[in-house]
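**Q** I would like to see how this sequence folds:
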Amino acid sequence: MIGQRQETFCAIAGQPLDVLIVGGGIVGAGVARDAALRGLRTALVEQYDFASGTSSRSTRLLHGGLRYLAQGRLRQVRQASVEKSIVQRIAPHLAAPLPFVFPTYRTAPWGRWALWKLRIGVKIYDRLGSGQNFGPSSSLDAASLQALLPGIRSGKLTGAVRYFDGFTNDARLVLDTLRSAAQHGVLLLNYCKMKDADRGGGLWMCQLEDHLSGSTWEVAARTVVNAAGPWAPQLRHSAVRLRLTKGVHLVIDRARLPVPEAVVLAEGARILFAIPWGKRVILGTTDTDYNGVIEDVRTDSSDIGYILDVINAAFPDARLADSDILGNWAGVRPLVADSRGRPSDISRSHEIREPHPGWFDVVGGKLTTYRLMAEQTVDRVVRRLHRPTVPSTTARQVLVPADETAGVSGILPPPLSREAVAHYCRNEWAVHLDDVMIRRTSWHYYLPDAAQMAHSVAQWMAEILDWTEQRRTEEVERYLAFGSRKP
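**A** Take a look at the predicted model:
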């Protein structure tokens, strides 16, 4: 592993890059893949692990955004609806059709979520997807809904609409995109921070620091793409202004809330989801302003109380409590700065800016539209480099799934095995125990005995990566410290 990193550093520093990407989330991964497919000499650095920020802490949906439709953002919904179909085409192993049931009640007949409005809305939603949605929308009367969801609150129930979006594995989408980028020549380094950069002679001279060895390198790049998400404003040449919001998700056993399909639950202007995930159910999300340290974002008791209150109001017999929570994650959304309105009303649109020649800030957006953001960014990079216009091919080039012979799957966590762990270490840049337990597999959230299983995984990684006993112990302690970050 050390030798491979040294070779990568030498290759990056050996000659000027066409583009250096800072940030190894879904946007950075998409830019890297697109740039490589257009023949640009490309490298990507990430200060922590790939997908360790926002891109492994989402609701795991590919969606146009029914809520955005209610806000009148038709263009945004149209873009996202088209893009979710593209992701299904290029990564079918990471885009499962998922029906959503949205119950409605008589308590607010002229409210935002009235049944008649939603019936019209989901038909428009289908049309905005150009007939390529994951499935056709429909409506249910109250009796049909109660048959589908026996525990749903029945008082003043008027029925429901049913529409389709896609379910994905956000971190695996990042990793498979990066694997594809690497296959096309992109040089990739996680745990590598860009400390600073200066422009001179038509090049950006960038100082990189390897967090694993402590060594520093100077790299020349004709262009730099700042795709650092919530960390984007911290780069010295960045012109990014963000409004950060926190989103929290809870994981419970599906036996405690046996929903056959995803359920949409209205809470005022906001909507929350109960999403079936194999033997588990994902509950969330919150959407509140966040002004704390990005690395320290966590779930607190008020987040849990809010989500459980909404779920228990919708399913009165469930009586979910803190003790039912098997896992949770909290993430920060890097939204384009807007001081007005509630966090949930802020547009999820994206912006691409060039505040300095050859320096591009990519901000905003969401998981579903990552490929479009990358295409538009690389279009601008190509123009800045005065290269012949080469159209993006990422909407047609299929992502190759990870090695299924090692038990590595797509949306659901793979079976725990030494073969799978070896794959992550040798082929997917796993360096720490939490890289495997959290981002490569989701075992941390899915397995009720994840803390015990971590000892076995650490032993396998020690054998594969030649760790000392002290290193193995430190890795277990590091992982358990992350797992203990609960309210």
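**Q** quick one: contacts for residue 461?
**A** Neighbour list for residue 461: 421, 425, 430, 433, 436, 467, 472, 475 [criterion: CB atoms under 8 Å, 6 or more residues apart in numbering]. Heads up, the C-betas are built off the backbone N, CA and C, glycines and all.
**Q** repeat that for 10 Å
**A** Applying CB atoms under 10 Å, 6 or more residues apart in numbering, we find residue 461 in contact with 418, 421-422, 424-425, 430-433, 435-436, 467, 471-472, 475.
**Q** just those: which are in helices?
**A** Secondary structure from DSSP state H places 418, 421, 422, 424, 425, 433, 471, 472, 475 of those in helices.
**Q** tabulate those residues (TSV), appending neighbour count.
**A** Below are the ones in helices among the contacts of residue 461 laid out as TSV (neighbours: other CB atoms under 10 Å):
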residue	neighbour count
418	16
421	28
422	18
424	24
425	20
433	28
471	15
472	18
475	24
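**Q** just give me the closest of the residues you listed to residue 128.
**A** residue 424 (37.8 Å; CB to CB).
**Q** that closest one reaches residue 402, doesn't it?
**A** Yes. Between residue 424 and residue 402 there is a contact under CB atoms under 10 Å: 8.8 Å.
**Q** overlap of the contact sets of these two?
**A** Residues touching both residue 424 and residue 402 by CB under 10 Å, 6+ apart: 175, 408, 414, 440.
**Q** residue ranges in the stretch 101-250 of the chain under the pLDDT threshold?
**A** Within the stretch 101-250 of the chain, the segments meeting pLDDT under 70 span 108-111.
**Q** can you give me the strands for it?
**A** Counting by DSSP state E, counting those that start in this stretch, the stretch 101-250 of the chain has strands at residues 138-140, 157-167, 187-189, 192-200, 203-210, 216-226, 242-253.
**Q** point out the least confident one among the shared contacts of residue 424 and residue 402.
**A** Of all the shared contacts of residue 424 and residue 402, residue 408 carries the smallest pLDDT score, 74.
**Q** who's in contact with that one?
**A** By CB under 10 Å, 6+ apart, the residues touching residue 408 are 172, 175, 401-402, 414-415, 417, 419-421, 423-424, 427-428, 440-441.
**Q** at 7 Å what do you get?
**A** Counting by CB atoms under 7 Å, 6 or more residues apart in numbering, residue 408 touches 402, 414, 420, 423.
**Q** tell me the buried residues in stretch 186-206?
**A** 186-194, 197, 199, 203-204, 206 (16 or more other CB atoms under 10 Å).
**Q** among the shared contacts of residue 424 and residue 402, which are in helices?
**A** Reading helices off the shared contacts of residue 424 and residue 402 with DSSP H, I get residue 175.
**Q** got the contact list for the helix or strand that contains residue 67?
**A** Using DSSP states H and E, the element containing residue 67 is helix 66-70. Helix 66-70 has contacts (CB under 7 Å, 6+ apart) with 76, 77, 112, 121, 124, 125, 163, 271, 348.
**Q** mean confidence for that helix?
**A** On average, helix 66-70 scores 82.
**Q** so how far is that helix from its chain's centroid?
**A** Distance, stretch centre to chain centre, for helix 66-70: 20 Å (CA atoms, centre = their mean, to the nearest Å).
**Q** residues touching the spatially most central residue of the chain, list them.
**A** For the chain, the residue nearest the mean C-alpha position is residue 55 (2.8 Å; CA atoms, centre = their mean). Residues in contact with residue 55, defined by CB under 7 Å, 6+ apart, are 25, 26, 170, 171, 174.
**Q** so the third one makes contact with residue 56?
**A** Yes. Applying CB atoms under 7 Å as the test, residue 170 and residue 56 come out as touching, 5.8 Å apart.
**Q** sec struct for residue 282, please.
**A** strand (DSSP: H, G, I helix; E, B strand; the rest coil).
**Q** hang on, isn't it packed against residue 275?
**A** Yes. With contact defined as CB under 7 Å, residue 282 reaches residue 275; the gap is 4.4 Å.
**Q** element containing the residue nearest to residue 30 when sequence neighbours are not counted, please.
**A** Once flanking residues are discounted, residue 30 sits nearest to residue 374: 3.3 Å by CB to CB, 6 or more residues apart in numbering. If you go by DSSP H and E, residue 374 is part of helix 370-384.
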